[in-house]
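> just a sequence and a predicted model for now, questions to come.
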Number of protein chains: 2
Amino acid sequence: MTEQPSQAGRITISVDAMGGDSGPATVVAGIATSANKNPEIAFILHGPEQTLRKLVAKRRVLQGRVVFRDCPDVVTMEDKPSQVVRNGKNTSMWSALESVRKGEAHGAVSCGNTGALMALSMMRLRKLPGVNRPAIAILWPSRNPQGFNVMLDVGADVRADAKDLLQYALMGASYARNGMALERPRIGLLNVGTEEHKGRAELKEAHAMISDFAERANFDFVGFVEGSDIPGDKADVIVTDGFTGNVAIKTGEGTASLIGDLLRQAFKYSPLSRLASILAITSLQRLKKRIDPRRVNGGVFLGLNGTVVKSHGGADATGVSAAVKLAFTLAQSGFAEKLAARVASTAELAQDAAHTPPKAGE
Amino acid sequence: MTEQPSQAGRITISVDAMGGDSGPATVVAGIATSANKNPEIAFILHGPEQTLRKLVAKRRVLQGRVVFRDCPDVVTMEDKPSQVVRNGKNTSMWSALESVRKGEAHGAVSCGNTGALMALSMMRLRKLPGVNRPAIAILWPSRNPQGFNVMLDVGADVRADAKDLLQYALMGASYARNGMALERPRIGLLNVGTEEHKGRAELKEAHAMISDFAERANFDFVGFVEGSDIPGDKADVIVTDGFTGNVAIKTGEGTASLIGDLLRQAFKYSPLSRLASILAITSLQRLKKRIDPRRVNGGVFLGLNGTVVKSHGGADATGVSAAVKLAFTLAQSGFAEKLAARVASTAELAQDAAHTPPKAGE
C-alpha cells in the first residue's frame, strides 16, 4: 500500500479501470462525473498506473481524490473464470477486490468479465455464512411507483434449488429495503403461470419455503409471477434462477433496443415525421431517461463479505457513474452489514425449514 | 355431423368460439375479417349453436361459409388440463380438435386455456412418430429481413432434454422453411452466453447433436445465442425449453407494453408534445404495426398429427383473424405433412445420434 485516499470522512470506492469495452478513459470520465456530483466520494483506481495518472491529471475534479494501484494485467471478456482465479493475481480486477477485502475501500466496481468477477469475488471476499450461492441483482424499469423492480439472480449461477431461491428472496428483500427504501417489499417467484400447480418441482418447494418466511423476514410474498410482471407492478422483487433471469433481462433489453431503433426509423420516414420528432424531442428524451439502462447500470453481487457492483461491459461514462453511485449508496446505508445480519439470523431457520435434508458440508 | 362446409376447394379452419377473454362475438368478428380478406376460407365453428348462429347471421360475408357444432361446455382459463382431458368431451375446445382429427378441417384455432389445449391435442391428435415432446412455436419481431424470428418452445412443456431440443431445432427449421419461405434457416440454441463452455449440461449435449444434424436437415447452426438475439438478426429460429421460452416472451411483451404506455404519457406531457404526437401519428402507427403482437398472434403446436394454432386469450378480432390466417397459410402449404415427413426421416438418425441411452418405451 503506497497511499490512502486522502480525505477523511469520504466513502472510498475501489474501481477496476480495465476490462470494459471502451477502455480506461471511459472509466476515468465516469468517476469524474461521480466526483463532480458527489463531494463525499473518493477512489482507488486499479490498472496501468502511468496511463491512469495521465487520464486522471486531465480531470481537475479528481485531483487529490484518487489513489492508484499499479497492475500490469487485464482480465479480458474471453478469459475463463477458472483461469483468472488461478493466474489473475496481477490483474486490475483482482486488485480492485483486494482493496475491499483489506478494508481500504467500501465497495468495488468493475466493467469486466462477469463470470471472472464473480469467481474472484467468491474466492477473495468469501460467501456470507449461510449463503450457498451468491446472486446478481439488477434493477429493471417497472410500473411501480419507485420506477424499478429488483430482479435476482440474473446470472451468478445457472442452477438454483428451492433453498437457494429462498436465500435470493431474503437477499432481494433486504436490497429493496435498504437500496430502494421499501419498508415491506413484495416478493414474487418467477414461473410460467400464477397458478400454484404450475411449473417445476423446485419452484413449488420454494413457494412453500418463501411463504413460510415472509412474516418473520418482514416482506409480502405475492406467490408466482410471470415474465410480464418483471416490468409490472405486482411485485417489487422478482426471484428466479440465474439462467432464466439472464435470458429474461437480455430478451427485455433486446426488445427495448429494437423498439428504440424502429422508433428512430419511424421519425425519419417523412418530412412531417422529422418535424414531429423535433417537436417531440423533450418528450422522447424524458422517456429515454425513464428507461435508460445506463441509469440503472450495475448488477450488485449479493451474499458476499463486501459490496461488488458489476457495470455493463459496454458502459459509457454515464453508465460507469451510475454503477459508482450504486456502490456509494449501498456503502453509505451500511447495506453489506445489514444483509450479513439478515442472512445470519435466517440461515438457521432456513436450515430447519428446508424440506430437503442438508447436504454434506453444509 | 350435420353439415359440411359448403364450398368445395376452400380450406376449412375449425374454430373454437369459446374460452377467449372477450367471448364468441370477438371470435366471430375475427373470422368475418378473415372471410372478407380471403375468399378461399371456410369455417367450422364450435360452441353454443344458438348464440353463434345469431352472431354469424349479422355478418353477410360469413353466409354459407360457416358450419356449426353445438357444444354446451366451455374450458375456462382456470380448468386444469388433466380435468379437461377427463371430463371435457362436451366442450367447444374438444369439438374443435375433433374436426381436425376426423379430417373435416385443415387446422384448428382456439383462444382458450393453453395447457388444456395442448393436453387435449396430444390425446386426440397424437404426437407424430419420433416426437417426444411437442412444442409451441411463436413469431417474435426481429431485426431480420423477414421481420420476425421463430422461437420454440414457449410453454408446451417446462422440461426439455438434449434430444427434445434437437427435435425443436428440426421442427423449427421446417416451420421457418414452410411458413416463412427461408430456404436454409439459421438455428440458434438459447443460453446465457455464446461461449461453448457456458450453460447447463443438457445444452452442451444439445449443441453437439444439433451441430451434427445441420447439414442433413438443411439448416445452418449458429450455436449458442443469448436473450438479446431473440429480437436480433443472428438466427431465424431460437430453440429453448418451454420454461425459459415462456418467461422470455412474457418479459419481452411486458417490456414492450411498458415502453408503449410511457411513450403515450410522454406525448401527453405538454401542448408541444401533444402537437408532435399528432404530426407523428402515421409514423407511430407504422411502428405499432411493425411490432403489433396481434399481427403475429398465434402459437403453433408442432409435433402433432394436425395443425393447431393457439390464439392469445386476450385477442381482439384482429388477433383472431391473424391466428386464422396462420392456420390457413400452414394448411395451404401442406406444412403438417411436410413436418411429419421431416420428423420421420430424422427420428431414426436422432435415435442413433443420441448421446444418452434411449429410455424404455422409446
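Perfect, I can see it now. From a predicted model like this one, the values you see are computed outputs, not experimental measurements. Numbering: from 1, shown residues only, chains lettered A, B, ... in the order given.
> show me where chain A has strands.
In order along the chain, chain A carries the following strands (DSSP state E): A:11-16, A:41-47, A:66-70, A:107-110, A:135-141, A:148-152, A:186-190, A:220-225, A:237-239, A:299-302, A:308-310.
> now render the ones you listed as JSON lines, adding distance to A:L287 and mean pLDDT.
The C-beta positions use only the backbone N, C-alpha and C, and glycine is treated the same way. Converted to JSON lines, the strands of chain A look like this (distance: least, C-beta to C-beta, whole Å; pLDDT from 0 to 100):
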{"stretch": "strand A:11-16", "distance to A:L287": "30", "mean pLDDT": "97"}
{"stretch": "strand A:41-47", "distance to A:L287": "30", "mean pLDDT": "97"}
{"stretch": "strand A:66-70", "distance to A:L287": "35", "mean pLDDT": "97"}
{"stretch": "strand A:107-110", "distance to A:L287": "28", "mean pLDDT": "96"}
{"stretch": "strand A:135-141", "distance to A:L287": "11", "mean pLDDT": "92"}
{"stretch": "strand A:148-152", "distance to A:L287": "15", "mean pLDDT": "94"}
{"stretch": "strand A:186-190", "distance to A:L287": "26", "mean pLDDT": "98"}
{"stretch": "strand A:220-225", "distance to A:L287": "25", "mean pLDDT": "96"}
{"stretch": "strand A:237-239", "distance to A:L287": "23", "mean pLDDT": "98"}
{"stretch": "strand A:299-302", "distance to A:L287": "24", "mean pLDDT": "93"}
{"stretch": "strand A:308-310", "distance to A:L287": "26", "mean pLDDT": "94"}
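> and those as CSV, adding distance to B:S345 and mean neighbour count?
Output for the strands of chain A, formatted as CSV (distance: least, C-beta to C-beta, whole Å; neighbours: other C-beta atoms under 10 Å in any protein chain shown):
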stretch, distance to B:S345, mean neighbour count
strand A:11-16, 53, 28
strand A:41-47, 57, 27
strand A:66-70, 62, 20
strand A:107-110, 50, 29
strand A:135-141, 44, 25
strand A:148-152, 43, 27
strand A:186-190, 38, 26
strand A:220-225, 40, 19
strand A:237-239, 43, 30
strand A:299-302, 46, 26
strand A:308-310, 47, 27
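> can you put the ones you listed in CSV and add distance to A:A276?
Formatted as CSV, these follow (distance: least, C-beta to C-beta, whole Å):
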stretch, distance to A:A276
strand A:11-16, 42
strand A:41-47, 41
strand A:66-70, 46
strand A:107-110, 40
strand A:135-141, 24
strand A:148-152, 30
strand A:186-190, 39
strand A:220-225, 37
strand A:237-239, 36
strand A:299-302, 37
strand A:308-310, 39
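> and the longest helix seen in chain A, what does it pack onto?
The longest helix of chain A (DSSP state H) is helix A:242-268. Contact here means 3 or more C-beta pairs under 8 Å, 6 or more residues apart in numbering or on different chains; DSSP states H and E; on that basis helix A:242-268 packs against strand A:135-141, strand A:148-152, strand A:186-190, helix A:271-279, helix A:281-291, helix B:242-268, helix B:281-291.
> just checking the fourth one against chain B, any contact.
Yes. Using C-beta under 8 Å from any C-beta of the partner chain, helix A:271-279 reaches chain B at A:L272, A:S273, A:L275, A:A276, A:S277, A:I278, A:L279.
> show me how to select, in PyMOL, the buried members of the residues you listed.
Restricted to buried positions by 16 or more other C-beta atoms under 10 Å in any protein chain shown, the PyMOL selection for those reads:
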select buried, chain A and resi 273+276+277+279
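> closest to B:K268 out of the residues of helix A:271-279 next to chain B?
Checking the residues of helix A:271-279 next to chain B against B:K268 with C-beta to C-beta, the nearest one is A:L279 at 13.7 Å.
> residue contacts, the residue positioned nearest the centre of chain A?
Against the mean C-alpha coordinate of chain A, by C-alpha atoms, centre = their mean, the closest residue is A:G299 at 1.4 Å. Residues counted as contacts of A:G299 (C-beta atoms under 8 Å, 6 or more residues apart in numbering or on different chains) are A:T114, A:I136, A:A137, A:I138, A:V154, A:G155, A:V309, A:K310.
> show me which of the residues you listed is closest to A:Q332.
Closest approach to A:Q332 among the contacts of A:G299 (C-beta to C-beta): A:V309, at 13.5 Å.
> on that earlier part again, and the furthest pair within the contacts of A:G299?
A:G155 and A:V309 (14.4 Å).
> make TSV from the contacts of A:G299 and add distance to chain B to it.
What follows is the contacts of A:G299, written out as TSV (distance: C-beta to the nearest C-beta, whole Å):
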residue	distance to chain B
A:T114	9
A:I136	11
A:A137	16
A:I138	13
A:V154	9
A:G155	6
A:V309	20
A:K310	14
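> what is the nearest of these to B:P81?
A:V154 (31.2 Å).
> mind listing what the closest one touches?
Per C-beta under 8 Å, 6+ apart, neighbours of A:V154: A:I136, A:A137, A:I138, A:G242, A:G245, A:N246, A:A248, A:I249, A:G299.
> now for the fourth one: which residues touch it?
The neighbours of A:G242, taking C-beta under 8 Å, 6+ apart as the test, are A:A135, A:I136, A:D153, A:V154, A:G155, A:A156, A:D157, A:V158, A:R159, A:A160, B:V192.
> lowest-confidence one in those?
pLDDT across the contacts of A:G242 is lowest for A:A156, at 83.
> is it true that that one touches A:I138?
No. The pair A:A156 / A:I138 is not scored as a contact, 11.2 Å apart, by C-beta atoms under 8 Å.
> re earlier: return the set of buried residues in the longest helix of chain A.
Across helix A:242-268, burial judged by 16+ other C-beta under 10 Å covers A:242-256, A:258-259, A:262-263, A:266-267.
> before we move on, the earlier item: tabulate the contacts of A:G242 (CSV), appending distance to B:D16.
As requested, these are arranged in CSV below (distance: C-beta to C-beta, whole Å):
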residue, distance to B:D16
A:A135, 43
A:I136, 43
A:D153, 39
A:V154, 38
A:G155, 40
A:A156, 44
A:D157, 42
A:V158, 39
A:R159, 39
A:A160, 38
B:V192, 38
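> so which of those comes closest to A:A173?
A:A135 (12.4 Å).
> what's near enough to touch the nearest residue to A:I278 once chain neighbours are set aside?
By the measure of C-beta to C-beta, 6 or more residues apart in numbering or on different chains, the closest residue to A:I278 outside its immediate chain neighbours is B:A276, 8.0 Å from it. Residues in contact with B:A276 (C-beta under 8 Å, 6+ apart) are A:A276, A:S277, A:I278, A:L279, A:A280, A:S283, B:F267.
> now do A:E40
Contact analysis of A:E40 by C-beta under 8 Å, 6+ apart lists A:G9, A:R10, A:I11, A:F328.
> redo the residues you listed as a markdown table? Include distance to chain B.
Listed next are those as a markdown table, based on distance: C-beta to the nearest C-beta, whole Å:
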| residue | distance to chain B |
| --- | --- |
| A:G9 | 40 |
| A:R10 | 37 |
| A:I11 | 33 |
| A:F328 | 28 |
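> lowest pLDDT pick from these?
A:G9 (74).
> neighbours of it, how many?
When neighbours are counted by other C-beta atoms under 10 Å in any protein chain shown, A:G9 registers 6.
> not counting sequence-adjacent ones, nearest residue to it?
Looking at A:G9 with C-beta to C-beta, 6+ apart, the closest residue is A:E40, at 7.4 Å.
> pull the residues that contact stretch A:79-87.
With contact meaning C-beta under 8 Å, 6+ apart, stretch A:79-87 is reached by A:75, A:88, A:91, A:93-94, A:113, A:115-116, A:118-120, A:123, B:197.
> same list (those) but as a markdown table, adding distance to A:I44.
Converted to a markdown table, these look like this (distance: C-beta to C-beta, whole Å):
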| residue | distance to A:I44 |
| --- | --- |
| A:V75 | 17 |
| A:G88 | 18 |
| A:T91 | 15 |
| A:M93 | 13 |
| A:W94 | 13 |
| A:N113 | 20 |
| A:G115 | 24 |
| A:A116 | 19 |
| A:M118 | 21 |
| A:A119 | 21 |
| A:L120 | 16 |
| A:M123 | 20 |
| B:H197 | 32 |
